[in-house]
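In: Pasted the sequence and its predicted model underneath.
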Amino acid sequence: MSSCRHLSPALLLGLTLLATSSTALAQSSPPTAEAKLAAKALADKGWQLFNASRYEDALAAFRDAEAQVHAPPFLVMAARSCERLGRLVEARSLYQRVLDEPLAANAPRAFQQAYADAKAELAALAPRIPTVEVALAGAARGAVGLTLDGERIAPATPVEVDPGEHTLSGAVPGRPPVTRKIRLDERAKGYIVLDLAPPPAEAPPARNTQAAPGGDLRKAVLIGGGVAAGVGLIAGTAFTGIALGKSSDAEELRGQIRADSVLNGRCPSTESPAVCAELSDTVDAQYSFTNVAIGSFIVGAVGVGAVVYALVDRPSAPDRRVQVAPLVGAGVTGLSLSGRF
């Protein structure tokens, strides 16, 4: 910046050594020689830091120099440091502070140059400062606590901010706050609509009166398996009894054949007597009923397995325990189920 030449270390040195009087600016008392020397050292340090692009440290040095000797050049350099840091609002405030303080007619030339620089640089800076205006929706304006970066702002009013990212938040009593991140570039004119309408009330979940598919399947397996187990075991037992009866009849017929003097315990292969034909039919019936009994027991066993699977393969519950045990006794064949269902 060309105007920086007005604030070289040599000029600042001359400034701090000037016999600055209370008439130059509205000061309560003129600075002491020690204060001028301290201000000079701080200003030289700030100048070096500024040229090294260490603007945060330069800003601190110029502020400290200003604290020792109140002088517009220090404020101008602090404002320029703020500009480099992107703190445009603060820079504008420092420039404005220089312009708001009238200079005496006998003010040092450096003060007059700082005043002219502040005026020109403020005019160039002002259009660069972005603004944001926040409109509210879904809530009464007076009921909303609206903040930008933690500072309360008024809705529907442009607010000047520094370029960069900002946090906008709106809160209505009794509702969670609504927060949005916004980013503004230099010269931007942001317009944000913050919707604070309450979320729609959630309808209560419809009560499911139908059993879950898994429950229906489990019930079907329990019923089907139980029926298969009962029918299979009963039929198997019945057909076993019939097969055993046929076996007993066959033994009686064999005894008759052995006792017959003509047959002598053997049935001829041709033209068999009636007793031999009856024995053959009885043995065939015994084998048939035995096979049917075995098949029935197999069906019963499958049914038992299905019932056990349906009882075991279910969501666990602390108090739901089922015990399955075979039940065998005089005239009784089946399963014993105990527990809570």
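Out: Structure's in. What do you need?

In: Quick check: residue 96 touching residue 122?
Out: Yes - if you go by Cβ atoms under 8 Å, residue 96 and residue 122 touch, sitting 6.5 Å apart. To be clear about C-beta, it is placed using only N, CA and C from the backbone, and glycine gets the same treatment.

In: Common neighbours of the two, please.
Out: Counting by Cβ atoms under 8 Å, 6 or more residues apart in numbering, residue 96 and residue 122 have no contacts in common.

In: Grab the CA positions of stretch 166-177 and hand them over as CSV.
Out: C-alpha atoms of stretch 166-177 as CSV (Å, rounded to 0.1, in the frame of the first residue of the first chain):
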residue,chain,number,x,y,z
HIS,A,166,-20.4,-17.6,10.9
THR,A,167,-22.9,-19.5,13.2
LEU,A,168,-26.5,-18.3,13.1
SER,A,169,-28.8,-19.6,15.8
GLY,A,170,-32.5,-19.0,16.6
ALA,A,171,-34.2,-20.2,19.7
VAL,A,172,-37.9,-20.3,20.7
PRO,A,173,-38.8,-21.1,24.3
GLY,A,174,-39.8,-24.7,24.7
ARG,A,175,-38.1,-25.9,21.4
PRO,A,176,-34.6,-26.9,20.6
PRO,A,177,-32.6,-24.1,18.9
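
In: What are the buried residues along it?
Out: 166, 168, 170, 171, 172 (16 or more other Cβ atoms under 10 Å).

In: In terms of secondary structure, what does the strand or helix carrying residue 238 contact?
Out: Here residue 238 sits within helix 213-259, counting by DSSP states H and E. Applying 3 or more Cβ pairs under 8 Å, 6 or more residues apart in numbering; DSSP states H and E, we find helix 213-259 packed against helix 274-312, strand 332-339.

In: hmm, 6 Å instead?
Out: Under the contact definition 3 or more Cβ pairs under 6 Å, 6 or more residues apart in numbering; DSSP states H and E, helix 213-259 sits against helix 274-312.

In: Determine how far the helix it packs on lies from the middle of the whole chain.
Out: Centre-to-centre, helix 274-312 and its host chain are 62 Å apart (Cα atoms, centre = their mean, to the nearest Å).

In: what angle do that helix and helix 213-259 make?
Out: Orientation check (axes from the mean of the first three to the mean of the last three Cα atoms, to 10 degrees): helix 274-312 against helix 213-259 gives 160 degrees.

In: What confidence value was assigned to the nearest residue to residue 145 once chain neighbours are set aside?
Out: Nearest residue to residue 145, sequence neighbours excluded (Cβ to Cβ, 6 or more residues apart in numbering): residue 171, at 4.4 Å. pLDDT recorded at residue 171 is 91.

In: and residue 171, how far is that from residue 141?
Out: Going from residue 171 to residue 141 by Cβ to Cβ, to the nearest Å gives 13 Å.

In: Would you convert the buried residues of stretch 166-177 into a markdown table that also reports secondary structure and distance to residue 150?
Out: As requested, the buried residues of stretch 166-177 are exported to a markdown table (DSSP: H, G, I helix; E, B strand; the rest coil; distance: Cβ to Cβ, whole Å):
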| residue | secondary structure | distance to residue 150 |
| --- | --- | --- |
| 166 | strand | 10 |
| 168 | strand | 11 |
| 170 | strand | 13 |
| 171 | strand | 12 |
| 172 | coil | 18 |
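
In: Which two of those have the greatest separation?
Out: 166 and 172 (20.5 Å; Cβ to Cβ).
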